[in-house]
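Q: sequence first, predicted coordinates after that:
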Amino acid sequence: MSKKIIAALMALTMCAGLAACGNTAEESSAEDKAASSAAAEESKAEESKAEDTATDEETTAENEGSTEIPEDNPWNSPGVVNGNTFEDDYIKMRLVDDVICIDQKDLSCEPTEDELKELAYAARDHYNAAVGGDINAFLDTINFNATIEPFLSMVNQVYEHTNAGDLDEWVKDSKLSEKFDTLDAVSGLSEYLGSAETVEAVQAVDFDNGADGSKEIQALFDSINADEPNTQKNLSEKTIWDADGETLKLSDKATYAVYPVYFGRDGEDVYTRFNMMILDGEDEHDIVDVIGWKVDGKWGICATDYYKSENYEDFKGKNAKEIFDYESTNMYADE
């Protein structure tokens, strides 16, 4: 079987799990890093293992007098190519300029073509800012301030529906679980990076009784800067901040492979979690377990890990269209 991009990105997603940047105050940054590092080591191994397993299953079936693939095998149905889209019962793969998007067809909605490109380039710029040596420039790519109004609105709505006794039903009907997950991660991250005094002030706000915490949250986010000791101390543990890293210098054949874990909307605002591979010549760059939000037309991005490895032999020297065509053609081909 081929499916190199898909197998690698699925492995990243399974290994990274829900260890996004921020999370909650009780979670360990060491565990976050371990999860994403495991993704780095296992992504290609998972592909090989999956192919070996498929071979073993086929051999067993032959020995039993049948070569039929089990119906619950996710790769059971042959895919159909329609222009720049490949689709089967399990996944959908789209080509948009130099971006390939792969999802498991279980998203509440899918990114538009413009959003997909914006998301990929924002993640790239987030990484390059991380190795640029300027903390405040890097924090600008996270764009904390964009989340203040949505967060306060969410808190107030949660309070109202908790009192009404229909919180679970409201969350389900409003389809805002992606927004909740994203804003919870941003909130958790801010508690690590902000000053102790402002964190305490926010924690003292009686949100359960409808208190307005906008001033306290603004003060917390304002305290996240290059001069704040907690920002300096925790930034590298909770994000991909690395002032000694190497800036991505990509060729005109670089391909961005984006795998959304979820993608949701609240009006025109977007909340998403994804993994991304950049395939370019000899190299593969992976930006792992990224959360993103687009509020008032501006993106905020936060990633927990990054690693570099060797690109697949079949993709070296190919551009996005050539990689898409290769994957579409060889998705179910024996190797």
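A: That came through, no problem. Numbers count the residues shown, from 1 in each chain.

Q: residue ranges with poor pLDDT in the stretch 201-335 of the chain?
A: Along the stretch 201-335 of the chain, segments meeting pLDDT under 70 span 332-335.

Q: okay, the helix or strand hosting Ile102 in CSV with CA atoms only?
A: Taking DSSP states H and E as the definition, one finds Ile102 inside strand 99-103. Taking Å, rounded to 0.1, in the frame of the first residue of the first chain, the C-alpha atoms of strand 99-103 are listed here in CSV:
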residue,chain,number,x,y,z
VAL,A,99,-1.4,22.6,0.1
ILE,A,100,-2.8,19.1,0.4
CYS,A,101,-5.5,18.7,3.0
ILE,A,102,-6.4,15.2,4.3
ASP,A,103,-9.2,14.6,6.7
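
Q: and it, what other elements does it pack with?
A: helix 4-16, strand 92-96, helix 113-130, strand 255-266, helix 320-330 (3 or more C-beta pairs under 8 Å, 6 or more residues apart in numbering; DSSP states H and E). All C-beta atoms are positioned from the backbone trio N, CA, C, and that covers glycine.

Q: what sits up against it?
A: 5-6, 9, 91-94, 110-111, 116-117, 120, 255-260, 263, 320, 323-324, 327 (C-beta atoms under 8 Å, 6 or more residues apart in numbering).

Q: buried ones among these?
A: By neighbour count, with 16 or more other C-beta atoms under 10 Å, the contacts of strand 99-103 hold 5-6, 9, 91-94, 111, 116-117, 120, 255-260, 263, 320, 323-324, 327 as buried.

Q: Throw the helices and strands packed on strand 99-103 into JSON lines and include distance to Asp242, thanks.
A: Shown next, in JSON lines, are these (distance: least, C-beta to C-beta, whole Å):
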{"stretch": "helix 4-16", "distance to Asp242": "18"}
{"stretch": "strand 92-96", "distance to Asp242": "29"}
{"stretch": "helix 113-130", "distance to Asp242": "6"}
{"stretch": "strand 255-266", "distance to Asp242": "20"}
{"stretch": "helix 320-330", "distance to Asp242": "27"}
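
Q: among these, which comes closest to Lys215?
A: strand 255-266 (23.5 Å; C-beta to C-beta).

Q: neighbouring strands of the next helix-or-strand element following that closest one in the sheet, and parallel or not?
A: With elements assigned by DSSP H and E, the helix or strand that comes after strand 255-266 is strand 269-280. Paired with strand 269-280 in the same sheet, following DSSP bridges, are strand 255-266 (antiparallel), strand 283-295 (antiparallel).

Q: report how many residues lie close to Pro185.
A: For residue 185 the amino acid is Ala, not Pro. Applying other C-beta atoms under 10 Å, we find 25 residues neighbouring Ala185.

Q: over to the one 3 residues further on?
A: Using other C-beta under 10 Å, Gly188 is surrounded by 18 other residues.

Q: buried residues in the helix or strand that it is a member of?
A: Per DSSP H and E, Gly188 falls inside helix 177-193. Residues 178-179, 181-193 are the ones in helix 177-193 that count as buried (16+ other C-beta under 10 Å).

Q: and Tyr121, how many neighbours does it have?
A: Applying other C-beta under 10 Å, I find that Tyr121 has 15 neighbouring residues.

Q: where's it relative to Val205, distance?
A: Separation of Tyr121 from Val205 (C-beta to C-beta, to the nearest Å): 36 Å.

Q: what do you get for Asn156?
A: 12 Å.

Q: and what of Asp283?
A: On the measure of C-beta to C-beta, Asp283 and Val205 end up 47 Å apart.

Q: and Gly317, by the same measure?
A: Distance from Gly317 to Val205, by C-beta to C-beta: 56 Å.

Q: higher neighbour count, those two?
A: Set side by side, Gly317 and Val205 show more neighbours around Val205, with 16 against 13, by other C-beta under 10 Å.

Q: does that one count as helix, strand or coil?
A: The three-state assignment at Val205 reads coil, by DSSP: H, G, I helix; E, B strand; the rest coil.

Q: skipping its backbone neighbours, what lies nearest the residue nearest the centre of the chain in space?
A: Of all residues in the chain, the one closest to the mean position by C-alpha atoms, centre = their mean is Phe274, 1.9 Å from it. Distance criterion C-beta to C-beta, 6 or more residues apart in numbering; nearest residue to Phe274, sequence neighbours excluded, is Pro260 at 4.6 Å.
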